[in-house]
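Enquirer: This is a predicted model, with the sequence first.
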Amino acid sequence: MARIVSTALDPAGVLDLVAGADRGGTVLFVGTVRDHHLGRGVVELEYSAYEAMAELEIAAILAEAETRFSTVVEAVHRSGKLAVGEISIVVAAAHAHRDAAFEACRWTLDEIKQRVPIWKHESYADGSSEWVEPCATGRDA
Amino acid sequence: MARIVSTALDPAGVLDLVAGADRGGTVLFVGTVRDHHLGRGVVELEYSAYEAMAELEIAAILAEAETRFSTVVEAVHRSGKLAVGEISIVVAAAHAHRDAAFEACRWTLDEIKQRVPIWKHESYADGSSEWVEPCATGRDA
Amino acid sequence: MTVEVLLFASYAESLGECSLSLQLEPGATAGDVVGELRARPGGAGLPRFPMVAVNERYAPADRRLEPGDVVAVIPPVGGG
Amino acid sequence: MTVEVLLFASYAESLGECSLSLQLEPGATAGDVVGELRARPGGAGLPRFPMVAVNERYAPADRRLEPGDVVAVIPPVGGG
């Protein structure tokens, strides 16, 4: 299953992927494009990915989450151009107990944000645009 | 809007209720009926509520969550008979930042479990059944 | 005075009723309702200080009742 | 030996290319690729030790390269 996709994401479909009769709690994170970023009005956003590697990294993160939290976890990330309000990412984690489901969802989301090679190019209401690089992660920064 | 409902719950519909262009992160909890409880096979479950009060308590919890976390929060709880795998509760919290969305969803879920007058009657594979009272909350317990 | 009493889940099962009316002395409290219920057949299983709601909101055991109040005795809740 | 280099986002913009081939001495490392790129027009903005992937997995700067390796220089990621 491709986890970097260029079409609209479906949260209910991701929920179904992790459902199971022995898993009573599912936590879903849905990220959508906000209309502002650091005080500037956002009008459009484009996600660009190193797709082959991004797929491998997400798969590795999900496998690690399943081991760490004994959960079933799934995640998909949108690529290409998105309008304000569109869904950029969905992460779902299911477990018999809600604690583990919350932790696994949160951990997976954080790891994806930190490790998966995807970049965000924002276009602003004032006509400018830029690559959003949240903080310098180069090792000499 | 009724938050104690006797018909199938729709997670996507609850997501829509909290969506907003200024809220980029939404955390959804979906609880489903598990096929086991404390080692016993569960075949059916019935939620019974003190409906008028349950509606007031959920509304009060949501209002408190919105103040505490500056989030938009929504929750619905199923009543009546449910089969294994059916959804019993959906809680959604949306915020500009994911931390607050996770915290608000978790807090709201915990408060509902602790305060809202809803009771669960489980029927087991061995033919027995009982009211599930997780722990004695009477003040002399 | 008369108050309405609501019972739920295991408490309703123990006492064999979901709702009943009680005659109480003026000045009676929510705790007095619990005392009356515990003295009834099947009522011994109720805790001495269960959760109680008066008119659909949680209330302490020393809450003084008014005529017509609705007193609900709330077993440990189990939603979610 | 020849290696393939991939650039993304702001790094691709700075260097004006998304992919290129580099000729390197045998025994060259991922860090040497970064050094070559920083010496190019537009390359001065690259950090000295950016994140690097070799054949689609993150690798340290001292990773020794083989002919045909694909070296990706990874700007700070921003998914989610």
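Expert: That came in fine, so what should we check first?

Enquirer: Spatially central residue in chain A, please.
Expert: The centre of chain A sits closest to residue A:89, judged by Cα atoms, centre = their mean, with a distance of 3.6 Å.

Enquirer: Next: chain C.
Expert: Nearest to the mean C-alpha position of chain C, counting by Cα atoms, centre = their mean, stands residue C:73 at 3.9 Å.

Enquirer: quick one, what contacts it?
Expert: When contacts are counted by Cβ atoms under 8 Å, 6 or more residues apart in numbering or on different chains, residue C:73 touches C:5, C:6, C:7, C:8, C:11, C:33, C:34, C:37, C:46, C:50, C:51, C:52. Bear in mind the C-beta positions are built from the backbone N, C-alpha and C, glycine included.

Enquirer: can you map out the helices along the chain?
Expert: Just so you know, I chose chain A. Residue ranges of the helices in chain A, as given by DSSP state H, are A:11-18, A:51-69, A:98-115.

Enquirer: The intended chain is chain C.
Expert: C:9-15, C:30-38.

Enquirer: can you put the ones you listed in CSV and add mean neighbour count and distance to residue D:63?
Expert: Converted to CSV, those look like this (neighbours: other Cβ atoms under 10 Å in any protein chain shown; distance: least, Cβ to Cβ, whole Å):
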stretch, mean neighbour count, distance to residue D:63
helix C:9-15, 20, 64
helix C:30-38, 19, 72
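
Enquirer: how about these in a markdown table, adding distance to residue A:132 and mean pLDDT?
Expert: Shown next, in a markdown table, are those (distance: least, Cβ to Cβ, whole Å; pLDDT from 0 to 100):
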| stretch | distance to residue A:132 | mean pLDDT |
| --- | --- | --- |
| helix C:9-15 | 52 | 95 |
| helix C:30-38 | 57 | 98 |
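
Enquirer: dump the residue contacts of the spatially closest residue to residue C:12 that is not a sequence neighbour.
Expert: Using Cβ to Cβ, 6 or more residues apart in numbering or on different chains and skipping residues adjacent in sequence, the residue nearest residue C:12 is residue C:18, 4.9 Å away. Residues in contact with residue C:18 (Cβ under 8 Å, 6+ apart) are C:6, C:7, C:8, C:12.

Enquirer: Now rank those by neighbours and give me the top one.
Expert: residue C:7 (24 neighbours; other Cβ atoms under 10 Å in any protein chain shown).

Enquirer: Surely that residue and residue C:19 touch.
Expert: Yes - with contacts defined as Cβ atoms under 8 Å, residue C:7 counts as touching residue C:19 at a distance of 6.9 Å.

Enquirer: need the helix or strand of the chain with the lowest average pLDDT.
Expert: Using chain A. Least confident element among the helices and strands of chain A, by mean pLDDT, DSSP states H and E: strand A:36-37 (a mean of 86).

Enquirer: Hmm, no, I was thinking of chain C.
Expert: For chain C, counting by mean pLDDT, DSSP H and E, that's helix C:9-15 with a mean of 95.
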